[in-house]
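Asks: from the sequence below, what's the structure:
(one chain, ligands or ions: 1)
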Amino acid sequence: MSNPIKAIVINKEDNNYSASLSTIETSDLPNENVSIDVLYSTLNYKDGLAITGKGPVVRSFPMVPGIDLVGTVTNSTSDEFKNGDNVILNGFGVGEKHWGGLAQKAALNSDWLIPLPAGILPKQAMQIGTAGYTAMLSVIALQKQGITPESGEILVTGANGGVGSFAIYLLNQLGFNVTAATGRLDQSEYLKELGASQIIDRNELSNPGKPLQKERFAAAIDSVGSHTLANICASLKYGGVVTACGLAQGMDLPASVAPFILRGVSLIGIDSVMRPKADRIEAWDRLAKLVSADYLDKISTEISLEHVIDNAERLMEGKIRGRVVVNCQS
Ligand code: NDP
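Replies: Below you'll find the predicted structure:
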């Protein structure tokens, strides 16, 4: 039996790109082995690009966007999930090449899903979203390289961004001394509340620099790339580690090998999209233990599907701070 549901639908016909809140039939959903009532989704930068058409994110049309979702299983032919289970989805090309979370229902492959960890509410999972999950993957990567609070100062770039602000918060919760690099120095108080001890102007890192600079940071979490990442490599202490997940400044990396061969520095790439299931489960279990409800409420606002398109436009204009959670059933 087919039922009507609300969904954001993106179309492209004769080069006319459009996104609208539409009514689709459950029989229109893809043929996958797990059906889900979507409780919450969220608006990431990638969703903003997809909805506004400002970036080539969507690979086939029509498309339901939404790279993150949390929901309840209503039908499953997978041994892994049964009706009533709450599950999380982040990435795997959902919202890009597979229909995503900005809808009342979704049909997804069980390989892409993980159980909602104990101790975390469905809404909280989307307050965290891909931004928090990627920050957690980055922190875990530093710890696996032996970085501890005793190692010294940890730099976080893109500090006011989704990944950066979660990275500051998580590192502070774990007892690290965090330095935040930002272009918005007027937000310094907010960054200190998150857990940064020192704030620096991102311009100190964004221009071409020397291949080896004064050894300052024990480690860094970078979501900016380009000259910023090159300067981080050049200013890590001996044996320092930097994780790279983003390209807010640029996709280039105008660096030299000097920090790697003379100071034993490590550069670790972070991909959240195709990350194996075991790593996802580890990251979400850690998030469930580290993140407080008060913090999540402070950094997020809730909207309904009706307000997704105008919020996506505001997101692209840089007018939104913090996380936007979408209640898909309201
Ligand atoms: P946001 O847009 O929320 O934050 C990016 C931040 O970077 C901004 O808030 C700003 O921080 C800083 N920034 C912006 N432009 C520049 C610039 N020209 N030079 C230096 N800093 C700049 O994005 P997210 O935090 O969600 O994502 C950050 C990056 O990580 C993006 O490139 C995104 O695509 C990528 N990403 C990758 C993932 C992966 O799996 N690898 C997963 C998630 C995100 P401030 O105002 O404080 O200076």
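Asks: okay, CA-based contacts and neighbour counts for the rest of this
Replies: Will do.
Asks: for residue 49, which residues are in contact?
Replies: Residues counted as contacts of residue 49 (C-alpha atoms under 8 Å, 6 or more residues apart in numbering) are 55-57, 316.
Asks: same deal with residue 300?
Replies: Residue 300 touches 127, 322-325, counting by C-alpha under 8 Å, 6+ apart.
Asks: which bits of the protein sit near the ligand?
Replies: Residues of the chain lying close to the ligand by C-alpha under 6 Å from any ligand atom are 45, 130-131, 134, 158-164, 182-184, 223-224, 245-249, 270-273.
Asks: type out the ChimeraX command that picks the buried ones from the residues you listed.
Replies: Restricted to buried positions by 16 or more other C-alpha atoms under 10 Å, the ChimeraX selection for these reads:
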select :130,131,134,158,159,160,161,162,163,164,182,223,224,245,246,247,270,272
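Asks: in strands only, show me the residues of the chain next to the ligand.
Replies: Among the residues of the chain next to the ligand, the members found in strands (DSSP state E) are residue 182.
Asks: and the residues of the chain next to the ligand, which of them are in helices?
Replies: Among the residues of the chain next to the ligand, the ones falling in helices (DSSP state H) are 45, 130-131, 134, 162-164.
Asks: which stretches of the stretch 1-150 of the chain form helices?
Replies: 45-52, 122-144 (DSSP state H, counting those that start in this stretch).
Asks: got TSV for the ones you listed, with mean pLDDT and distance to residue 216 too?
Replies: Putting the helices of the stretch 1-150 of the chain into TSV (pLDDT from 0 to 100; distance: least, C-alpha to C-alpha, whole Å) gives the following:
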stretch	mean pLDDT	distance to residue 216
helix 45-52	95	31
helix 122-144	98	16
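Asks: so which of the contacts of residue 300 wins on neighbours?
Replies: Counting neighbours by other C-alpha atoms under 10 Å, residue 127 comes out on top of the contacts of residue 300 with 29 neighbours.
Asks: just the buried residues of stretch 304-321, please?
Replies: Across stretch 304-321, burial judged by 16+ other C-alpha under 10 Å covers 305-306, 308-309, 311-313, 315-316.
Asks: again with stretch 172-184
Replies: The neighbour-count check on stretch 172-184 (16+ other C-alpha under 10 Å) flags 172, 176-182 as buried.
Asks: just the closest of those residues to the ligand, please.
Replies: residue 182 (3.5 Å; C-alpha to the nearest ligand atom).
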